[in-house]
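Asks: okay, sequence plus prediction incoming.
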Amino acid sequence: MVKFQVREHEPMIAPEYSTIGPIGTVIAQTLQAEGIDPAPLFSKAGIDVTGLIDPGVRMSSDSFKRLLELIEETSSDPAIGLTIARFIHPTTFYSLGIAMYCSDTLGQYLDRFIKYYRVITTNNRLEGEVDADGVYHLRAIRSTNQTFPGSHEDGIASFVTTILRLALHHELPLISVKLARPTPTGIEGLYEKFFRCSIEFNAEHTELTFPANVLEEELTSANPELAEMYEQLTIEYLDKIDRLDFPTRVTNELIRLLPTGVSAKEKVAEALNISTRTLYNKLEVTGTTYRQILDTTRHRLAEQYIHQDIPIYEIAYLIGFSDTANFSRAFKKWSGVSPMEYRNSILPKTQD
């Protein structure tokens, strides 16, 4: 078995909410099977389909959501979220897929899946529990308040069902499936055929339930040595995501704190539950500094506020400056022009 490796010459894209690139490849294969050229759809969503086979490339939440919307508008398949599961393979999930596949039991398989689910996506998280009746509940909880198209919830449920079937080498005895999506009127039978159990739509969370005793089933693909090796590679992958994503977390805290007049690094570190020294060290690893992030965030917010025609003095306070003069000097350093000059440059030209 070939060991995975993220190519170092291609930087990993790690926005706060993202999905691993090979999921996009699976979607592209689904579209091709339907006779649809995936390239234009991916391009409109701002995703380069040619690079998605590399697990070091991740699709941002906004781009992925837009891609799913475009697919639902274009495809003639009313349940395409279920169809894409045909192209799922353990390697779709990079090293995590192999670590899971080589687990001793289905319980261990699911434990790894839940623990390292961030490899696949950070748009939601998985949690599993056994209730008093001996039923296992596997839920997908959204990480954001964004509402994804129905195919997103279908995809989560079909991905999970398919990889569990692959692990068991037989049908997964599902008791029920809940989907956090509107009822797809007229095609409910397609869902019952795929999951082979009762379906509940409009649920709070997407959830699969099955007998907990299935967790004890030993996997024929078990290989503890390989499972450990690929689990370690998975940990290294997540460490890399966390390192690259840290500046985004700092930026988000600044956006939240700046309107309150707070820009001190100590307060940002406190909000992130780390020390100021750790804040410095984490940013240094990513090749940036707190001052650079603060200036970039202020500059970006200032331009957005100017476009919204907010008064200059109000913008100064919104981005954490004590007075307009200090803000004007800083803005000129960032842009080469004063805030008023920038505002005048973007005003519509008046007709003679």
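Replies: Looks like it arrived, so ask away. Numbering: from 1, shown residues only.

Asks: my guess is S158 meets I80, correct?
Replies: No - using CB atoms under 8 Å, S158 is not in contact with I80, being 10.0 Å away. Placement of C-beta: from N, CA and C, glycine included.

Asks: now the helices for the stretch 101-250 of the chain?
Replies: Along the stretch 101-250 of the chain, the segments classed as helices by DSSP state H, counting those that start in this stretch run 106-115, 150-168, 188-195, 224-257.

Asks: also the stretch 251-352 of the chain?
Replies: According to DSSP H, counting those that start in this stretch, the helices that the stretch 251-352 of the chain contains are 265-271, 276-285, 290-307, 312-318, 324-335, 339-346.

Asks: which other helices and strands contact the third one?
Replies: Other elements packing on helix 290-307 under the criterion 3 or more CB pairs under 8 Å, 6 or more residues apart in numbering; DSSP states H and E are helix 224-257, helix 276-285, helix 312-318, helix 324-335, helix 339-346.

Asks: rerun that using 10 Å as the cut-off
Replies: Counting contacts by 3 or more CB pairs under 10 Å, 6 or more residues apart in numbering; DSSP states H and E, helix 290-307 is packed against helix 224-257, helix 265-271, helix 276-285, helix 312-318, helix 324-335, helix 339-346.

Asks: what comes up buried for the first one?
Replies: Applying a neighbour-count criterion of 16 or more other CB atoms under 10 Å, the buried positions in helix 224-257 are 226-227, 229-231, 233-235, 237, 241, 244-247, 250-251, 253-254, 257.

Asks: surely P78 is in a strand?
Replies: No - under DSSP: H, G, I helix; E, B strand; the rest coil, P78 sits outside any strand and is assigned coil.

Asks: name the nearest residue to it, sequence neighbours excluded.
Replies: I187 (4.9 Å; CB to CB, 6 or more residues apart in numbering).

Asks: if we can go back for a sec, which one of the helices of the stretch 251-352 of the chain lies closest to P55?
Replies: Minimum separation from P55 across the helices of the stretch 251-352 of the chain (CB to CB) falls at helix 276-285, 20.7 Å.

Asks: check contacts around L294.
Replies: V250, T251, L254, L258, S263, A264, K265, V268, I319, G320 (CB atoms under 10 Å, 6 or more residues apart in numbering).

Asks: for it, give its distance to T220.
Replies: 55 Å (CB to CB, to the nearest Å).

Asks: of the helices and strands packed on helix 290-307, which is nearest H169?
Replies: helix 224-257 (17.2 Å).

Asks: distance from the closest one to the middle of the chain?
Replies: 12 Å (CA atoms, centre = their mean, to the nearest Å).

Asks: so K333 makes contact with A302?
Replies: No - judged on CB atoms under 10 Å, K333 makes no contact with A302 at a distance of 11.7 Å.

Asks: so N124 sits against H205, correct?
Replies: Yes - counting by CB under 10 Å, N124 does reach H205; the two are 8.9 Å apart.

Asks: between these two, which one's more packed in?
Replies: N124 (22 against 16; other CB atoms under 10 Å).

Asks: residue contacts, the more buried one?
Replies: 17, 19, 117, 139-144, 148, 152-153, 156, 180, 205-206.

Asks: packing partners of the one helix or strand I27 maps to?
Replies: According to DSSP states H and E, I27 maps onto helix 21-33. Packed against helix 21-33 by the contact rule (3+ CB pairs under 10 Å, 6+ apart) you find helix 38-44, strand 58-60, helix 61-74, helix 80-83, helix 94-101, helix 150-168.

Asks: let me see the contact set for T324.
Replies: P311, I312, Y313, E314, I315, A316, Y317, P339.

Asks: state the pair within these that is farthest apart.
Replies: Y317 and P339 (13.1 Å).
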